[in-house]
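Q: here you go, sequence then predicted model.
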There are 4 protein chains.
Amino acid sequence: MSKICVGVLGATGMVGQRYIHLLENHPWFEVTYVAASPRSAGKPYKEAVANRWLIGSDIPQGVADLTVYDAGDVSSAKGKCSFVFSALEMDKEAIKALESSYAAFGIPVVSNASANRWTQDVPMLIPEINSSHIDIIASQQKKRGWDKGFIVVKPNCSLQTYMMPLYSLIKAGYPVKRMIITTLQAVSGAGYPGVSSFDMIDNIIPYIGGEEEKTEKECLKILGNVSGEKIVDASFPLVSSTCTRVPVIDGHTACVNLEFDLAENKKPSLEEIEKIFTSFKSVPQELKLPSAPDHPIVVRREENRPQPRRDRDVEKGMASVVGRLRKCNIFDVKFVALSHNTKRGAALGGILNAELLKAKGFFDKLV
Amino acid sequence: MSKICVGVLGATGMVGQRYIHLLENHPWFEVTYVAASPRSAGKPYKEAVANRWLIGSDIPQGVADLTVYDAGDVSSAKGKCSFVFSALEMDKEAIKALESSYAAFGIPVVSNASANRWTQDVPMLIPEINSSHIDIIASQQKKRGWDKGFIVVKPNCSLQTYMMPLYSLIKAGYPVKRMIITTLQAVSGAGYPGVSSFDMIDNIIPYIGGEEEKTEKECLKILGNVSGEKIVDASFPLVSSTCTRVPVIDGHTACVNLEFDLAENKKPSLEEIEKIFTSFKSVPQELKLPSAPDHPIVVRREENRPQPRRDRDVEKGMASVVGRLRKCNIFDVKFVALSHNTKRGAALGGILNAELLKAKGFFDKLV
Amino acid sequence: MSKICVGVLGATGMVGQRYIHLLENHPWFEVTYVAASPRSAGKPYKEAVANRWLIGSDIPQGVADLTVYDAGDVSSAKGKCSFVFSALEMDKEAIKALESSYAAFGIPVVSNASANRWTQDVPMLIPEINSSHIDIIASQQKKRGWDKGFIVVKPNCSLQTYMMPLYSLIKAGYPVKRMIITTLQAVSGAGYPGVSSFDMIDNIIPYIGGEEEKTEKECLKILGNVSGEKIVDASFPLVSSTCTRVPVIDGHTACVNLEFDLAENKKPSLEEIEKIFTSFKSVPQELKLPSAPDHPIVVRREENRPQPRRDRDVEKGMASVVGRLRKCNIFDVKFVALSHNTKRGAALGGILNAELLKAKGFFDKLV
Amino acid sequence: MSKICVGVLGATGMVGQRYIHLLENHPWFEVTYVAASPRSAGKPYKEAVANRWLIGSDIPQGVADLTVYDAGDVSSAKGKCSFVFSALEMDKEAIKALESSYAAFGIPVVSNASANRWTQDVPMLIPEINSSHIDIIASQQKKRGWDKGFIVVKPNCSLQTYMMPLYSLIKAGYPVKRMIITTLQAVSGAGYPGVSSFDMIDNIIPYIGGEEEKTEKECLKILGNVSGEKIVDASFPLVSSTCTRVPVIDGHTACVNLEFDLAENKKPSLEEIEKIFTSFKSVPQELKLPSAPDHPIVVRREENRPQPRRDRDVEKGMASVVGRLRKCNIFDVKFVALSHNTKRGAALGGILNAELLKAKGFFDKLV
């Protein structure tokens, strides 16, 4: 089977580089089109990222010699790819406009950017949780007069630590009322150059701009339902979060206090919760998507886990690793959850979204 | 005025070294007696800590040549000091026994150790909060048949980040019902060698043995009241905490979610809370104790403060530095609080306790 | 083909754990015997390392349930393995005695320990450099009356950064007279718990006990020649080193200044040197040993490489990564060399030694 | 005595902030004029640096409300200060032109910038070494037709680690022929934001642009002599260096190998060298300049010192701290030297230069 040709918008940035790195040797997809700012346009990719390639291993050979196109010149993608990953790093309105241009041009956009997260008919996907949200795509296309193009997005990296554990409980019949969360987030989440080393050695920064609002709101859209032409947010759980930056390269950690929306005698025991976490599987596992983790939630029983450096790469960096599951004397339970912010939380999460769409028949032929 | 002679038990350990360092040039106290394990006994202090002196500046000259005594030989302290700071690092029962021996021998013990924190008639002091707990000392002496000796302790370092902010609210008439807290604690809190660098570079450890229990329980004793022969714990607030270790040298950070025990219309506004924090003063400030901070609570309004490296040393390392004061959409307010764990949280906090006792007339003459 | 059964001495320590981790799925070897201190003896391996397993991925299944034997009980290895890897962590004399016991018992010892590095008839192997030193084994066995057993060792991790680049130049006909070297070494080189995080955050330690002497001496044995019953050290190059510890998890870096022992007009150009490095191959590559790197020396031309985090894992962690090759205005050339201290520099280097011995016919049958 | 009014050019940048911080409470100087880019011009200083104030303690009160002037508008300094510290962060030619404008306008410039380091009649001062170079100022003024204005500079921060030890040996009659040096430099040396935390956690960067050339060349000008209208470089020592960046906040470390230009029997012993280092004093000590260290060179005898975090602040951050003094088996001696790069190496070094000039009668009256 020949592979599906894919493009990467914002290919020279940090997230774009990760897409290109992670798509090397992908069984279904092959990068055949790279686009970035006008400054890089016309250069071979390897020249455009010379001295800016941030990843340890070398530039994949198939991409090194691709010519970089101006991402603003949508027509340059014609005939070169079946869909694009958007890793654009521009202001929100510019990204929104550009992603729409690609979609209008007939090229589906699987986006890593936050610009379209709050567009009501754009699904914000975690395939283990809300794969059914792709049903909104037909309506999205119809409303805008798009033929084959469409846009899907992924949520912010910080909530991917606890969304699957949360959803697994809800799915098992244990609705959640409230969660108080503190995150300890890795510096790679801030892009490159991101946080200055002068701010990060022997220090933590107890603030990440916009992150707490995202954490508190995105949760509800992800857990929402497609209703007619839009996705209607869930009403619960209520989330209150404090987001901090810590001197860790990769891997966001969340300390979670969770209260069920159930009578005391209906609440699950710690044993039941652990079993729900451990046995959780969903659509990506059923469809055997290439980037899907075998176990989306991994439970560690050691008292001092999960730890970013030791646990972020389990299940190819696609699992929520949960530990320290215990009673909370104010809410019901407490636990610590970890996920790899640049894999599950960014590029590999985007790739999983594309795999879901491919499996559901969205990318059959070259545009 | 000649200074009061003081001893340091556990003088060669990390906390003991800090006492000796911080007491250099103290206006009231002078170290004249140092005791440690039998291994060090008989040596000059400078030899006993050779290659183990962990502090940047040199060993204070007045202490370098003191002979180290065996801490187990209580009588060796006779005539050498008016009281001792206990920085003993042994198992709890041994510390308890040894501290009692010194007290029985007539030497007051101002302890940094956790051994006697739960002894009902031993006050656990934060002088800005519960200086009145020293009233229990007379009863403590009487009950045990001690003449001049007694024991006071200080609480765990992690809760010193938020105890003064909490107390200032209660004192201002705003009782607190519940607090959910996540701490990010510095490595110096684990002693020396403490946490391996192999565990701490590019990593966080989401667990500190015993710390969450201490955080949750000690709060209530500190806020309690002397009643007859014991200190009766307060009933509120309920505390639930998650304690983590982060790659920071000094300075514990706590992310706090707080709910008042008040009707909605009686709760203070953010402005009122900030004013309460900023204007908080108490006994140590009134008594002008040498180690007391001018402002026990310092409020930072920048969105990204407090930060350990930038804020830990404000007010000589004796303040709670509070920032990010904002509404919580589950409880009432959220804030981030920081304090210097080896100063306010350990040795300098112990020294402040001794200053309080001195000011109250407990150390007038050489034993 | 069934695999060769191997044992690991010191299996519960940090280096022992790495052997077990790296031997999982090895094409030739299978761990069938684990031995450690009497404290661990009798327990299943997974219990013996419970809460002490330091590696991110889980304990290999085939080893988790093996019973741990007392390493001092040599006879317990009988019939269980064809040879042992020694990752013993004891004092030198004890290791020396124990390794000899295994060899005397008929079990070859491929050692990671430094105890036998200076035993004159024990080869200290870097297979790309001195694979011919295994010729001394026959003499070693004869002299001691050992039948099938023998001992080989590997050198200290710090000099593996620059030994292959150095040797490649000598082999190409450019003898080296002197090298002045400063190393920046990772904390994993100190074992576990090793360096305290209190010493390593916002700090470097400009001293590693014994390391400079090893760096300066071991070089000459490795470059020496088998002569009769012993290995005669080379006379050159003279090495002077300063060894420092830096806050890096894995990957030792060496800053090298090198002077050739040649007339000015006979010295190689930078282009020739780069070509020598890039094209260097040796015995492990010819024998296609499973752990051998395809390119033992990898040259990076970017001005800011090699970097530990980005380059340590190239070629499975078995390469010397060289960069910043340039003229020295005092000696002839300067460069920066990096190697993975726990892979090439420790366990995987030991495994490569065993692969060489296997390929040369030393481990044909179960003992 | 009223203080001398001083200005700071580039007052909003990182180095400018440090000048303002370090000049708070200076006995001789008072900041009365601050200038920066046009973007900041017209604002109160505290507003111009809002959210960009990088120092832990607060903005000094006397400066917080000063109006920031456009540094390009030289006439705005008229009547406001007797001289300026230049902490300009622009391209070299622009700095050169602007510093000359101030000097031509009659305002002496004590510069932290590298722009004028190679101007032949501009002294590059380390007051302990070459205070006599200020004799060139008269010729500098005459040649350019400047009346009261002039320019002095300070050298790069990295060589301040070893320049005083080197000079103390030369001064004691032991000329030095060659030095091979590897530096491990702190991130604060790169300015702000400087090095990305993504590059610096669990990593070192073996390259700092331009630093090795500066290290090798500036040494010779500092050791040179005023001859007529220019400073003639010294011929020795030859320096070869490798400069690396390490995860340390403040404090550059240099590993030095040093060869004397003397017959073997004329070379000093290690004891003599230590004595030379320990007893070294020079002009700033004789003049009792306020920022001069009592001991410009501090020798540590512990085997694992100097360490950046423990030793950088000794002598107010103005000393070279030397340790590990030992024989080199290639050159003559090896040692490790440390200095505080943002104190001695930058702002406080600049202030010491100004103190020297003041003591020599250069800043007597308001311009």
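A: That came in fine, so what should we check first?

Q: what's the helix or strand for the nearest residue to residue A:216 once chain neighbours are set aside?
A: Excluding its sequence neighbours, the residue lying closest to residue A:216 (CB to CB, 6 or more residues apart in numbering or on different chains) is residue A:239, at 4.5 Å. (Each C-beta comes from the backbone N, C-alpha and C, glycine too.) Using DSSP states H and E, the element containing residue A:239 is strand A:238-245.

Q: could you export that strand as PDB, CA atoms only?
A: Only the C-alpha atoms of strand A:238-245 are listed here, as PDB (Å, rounded to 0.1, in the frame of the first residue of the first chain):
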ATOM      1  CA  LEU A 238     -16.100  22.100  37.500                       C
ATOM      2  CA  VAL A 239     -12.300  22.500  37.400                       C
ATOM      3  CA  SER A 240     -10.100  24.900  39.300                       C
ATOM      4  CA  SER A 241      -6.500  24.800  38.500                       C
ATOM      5  CA  THR A 242      -3.100  26.400  39.200                       C
ATOM      6  CA  CYS A 243      -0.500  25.900  36.500                       C
ATOM      7  CA  THR A 244       3.200  26.100  37.300                       C
ATOM      8  CA  ARG A 245       6.400  25.700  35.200                       C
END
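
Q: pLDDT weak spots in chain A?
A: Scanning chain A with the threshold set as pLDDT under 70 gives A:1, A:364-367.

Q: how about the helices in it?
A: Counting by DSSP state H, one finds helices in chain A at the ranges A:14-23, A:45-48, A:61-64, A:92-104, A:127-130, A:136-144, A:163-171, A:197-200, A:211-222, A:270-279, A:283-286, A:308-311, A:348-359.

Q: any idea which of those gets closest to residue D:180?
A: helix A:197-200 (27.6 Å; CB to CB).

Q: how about that closest one, does it reach chain D?
A: Yes - against chain D, helix A:197-200 shows contacts by CB under 8 Å from any CB of the partner chain at A:197, A:198, A:199, A:200.

Q: can you list contacts of stretch A:137-147?
A: Applying CB atoms under 8 Å, 6 or more residues apart in numbering or on different chains, the contact partners of stretch A:137-147 are A:100, A:103-104, A:106, A:121-123, A:148-152, A:228-229, A:362.

Q: drop anything exposed from those.
A: A:100, A:103, A:106, A:121, A:122, A:123, A:148, A:149, A:150, A:151, A:152, A:362 (16 or more other CB atoms under 10 Å in any protein chain shown).

Q: around chain D, pick out the residues from the stretch 101-250 of chain A.
A: Selection of the stretch 101-250 of chain A residues close to chain D by CB under 8 Å from any CB yields A:187-188, A:192-202, A:247-249.

Q: take the residues you listed and keep only those in strands.
A: Using DSSP state E, no member of those falls within strands.

Q: close enough to count as contact, residue A:18 and residue A:340?
A: No - assessed by CB atoms under 8 Å, residue A:18 is found out of contact with residue A:340, at 11.0 Å.

Q: neighbour-wise, which of those two wins?
A: More crowded of residue A:18 and residue A:340, by other CB atoms under 10 Å in any protein chain shown: residue A:340, with 30 against 23.

Q: what about the closest residue to residue A:46 other than its chain neighbours, how many neighbours?
A: Among residues not flanking residue A:46 along the chain, residue A:64 sits closest, at 4.1 Å (CB to CB, 6+ apart). When counting by other CB under 10 Å, one arrives at 15 neighbours for residue A:64.

Q: with residue A:294 instead?
A: Neighbour number of residue A:294 under other CB under 10 Å is 12.

Q: return the most buried member of the helices of chain A.
A: helix A:197-200 (a mean of 27; mean count of other CB atoms under 10 Å in any protein chain shown).

Q: who's in contact with that helix?
A: With CB under 8 Å, 6+ apart as the criterion, helix A:197-200 contacts A:187, A:205, A:245, A:247, B:307, D:54, D:187-188, D:192-197, D:199-201, D:247, D:249.

Q: for stretch A:281-292, same thing?
A: A:26-28, A:127-129, A:131, A:293-296, A:316, A:318, A:348, A:351-352, A:355-356, A:359.

Q: quick revisit: could the helices of chain A be laid out in TSV, adding distance to residue C:158?
A: Formatted as TSV, the helices of chain A follow (distance: least, CB to CB, whole Å):
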stretch	distance to residue C:158
helix A:14-23	31
helix A:45-48	34
helix A:61-64	34
helix A:92-104	48
helix A:127-130	46
helix A:136-144	58
helix A:163-171	44
helix A:197-200	26
helix A:211-222	42
helix A:270-279	43
helix A:283-286	45
helix A:308-311	23
helix A:348-359	36
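
Q: of all those helices, which lies closest to residue B:328?
A: Of all those, it is helix A:211-222 that lies closest to residue B:328, at 10.5 Å by CB to CB.

Q: just the CA coordinates for stretch A:327-347, please, in PDB.
A: Output of stretch A:327-347 as PDB, limited to C-alpha atoms (Å, rounded to 0.1, in the frame of the first residue of the first chain):
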ATOM      1  CA  LYS A 327      -8.400   9.000  49.600                       C
ATOM      2  CA  CYS A 328      -8.800  12.800  49.900                       C
ATOM      3  CA  ASN A 329     -10.100  14.000  53.200                       C
ATOM      4  CA  ILE A 330     -11.900  16.900  51.500                       C
ATOM      5  CA  PHE A 331     -13.000  15.600  48.100                       C
ATOM      6  CA  ASP A 332     -13.100  11.900  47.400                       C
ATOM      7  CA  VAL A 333      -9.800  10.900  45.800                       C
ATOM      8  CA  LYS A 334      -6.400  12.300  45.000                       C
ATOM      9  CA  PHE A 335      -4.000  11.100  42.400                       C
ATOM     10  CA  VAL A 336      -1.000  12.300  40.400                       C
ATOM     11  CA  ALA A 337      -1.200  12.000  36.600                       C
ATOM     12  CA  LEU A 338       1.500  12.500  34.000                       C
ATOM     13  CA  SER A 339       1.600  12.700  30.300                       C
ATOM     14  CA  HIS A 340       4.300  13.500  27.600                       C
ATOM     15  CA  ASN A 341       3.400  17.000  26.600                       C
ATOM     16  CA  THR A 342       5.200  16.900  23.200                       C
ATOM     17  CA  LYS A 343       4.000  13.400  22.300                       C
ATOM     18  CA  ARG A 344       0.400  12.800  23.500                       C
ATOM     19  CA  GLY A 345       0.100  16.500  24.300                       C
ATOM     20  CA  ALA A 346       1.200  17.800  20.900                       C
ATOM     21  CA  ALA A 347       2.500  16.200  17.700                       C
END
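
Q: briefly note if that stretch comes near chain D.
A: No - legend: contact between stretch A:327-347 and chain D by CB under 8 Å from any CB is lacking; minimum distance shown is 10.4 Å.

Q: now that stretch: how far from the chain's centre is it?
A: Taking CA atoms, centre = their mean, to the nearest Å, one finds the center of stretch A:327-347 at 15 Å from the center of the full chain.

Q: now check that stretch, is it near chain C?
A: No - Stretch A:327-347 does not reach chain C (CB under 8 Å from any CB); its nearest approach is 11.8 Å.

Q: do that stretch and chain B meet at all?
A: Yes - on the criterion CB under 8 Å from any CB, stretch A:327-347 is in touch with chain B at A:328, A:329, A:330, A:331, A:334, A:336.

Q: tell me how far the fourth one lies from chain D.
A: Counting by CB to the nearest CB, to the nearest Å, the separation of residue A:331 from chain D is 33 Å.

Q: same question, the fifth one
A: Shown here: residue A:334 relative to chain D, a distance of 28 Å by CB to the nearest CB.

Q: wouldn't that residue be in contact with residue B:212 here?
A: No - contact criterion CB under 8 Å: residue A:334 and residue B:212 do not qualify, at 9.0 Å.

Q: shared neighbours, the two?
A: With CB under 8 Å, 6+ apart, residue A:334 and residue B:212 have common neighbours residue B:242.

Q: what is the neighbour count of the residue in the stretch 101-250 of chain A that chain C sits nearest to?
A: Closest residue of the stretch 101-250 of chain A to chain C, CB to the nearest CB: residue A:202 (4.2 Å). The local packing of residue A:202 (other CB under 10 Å) involves 23 other residues.
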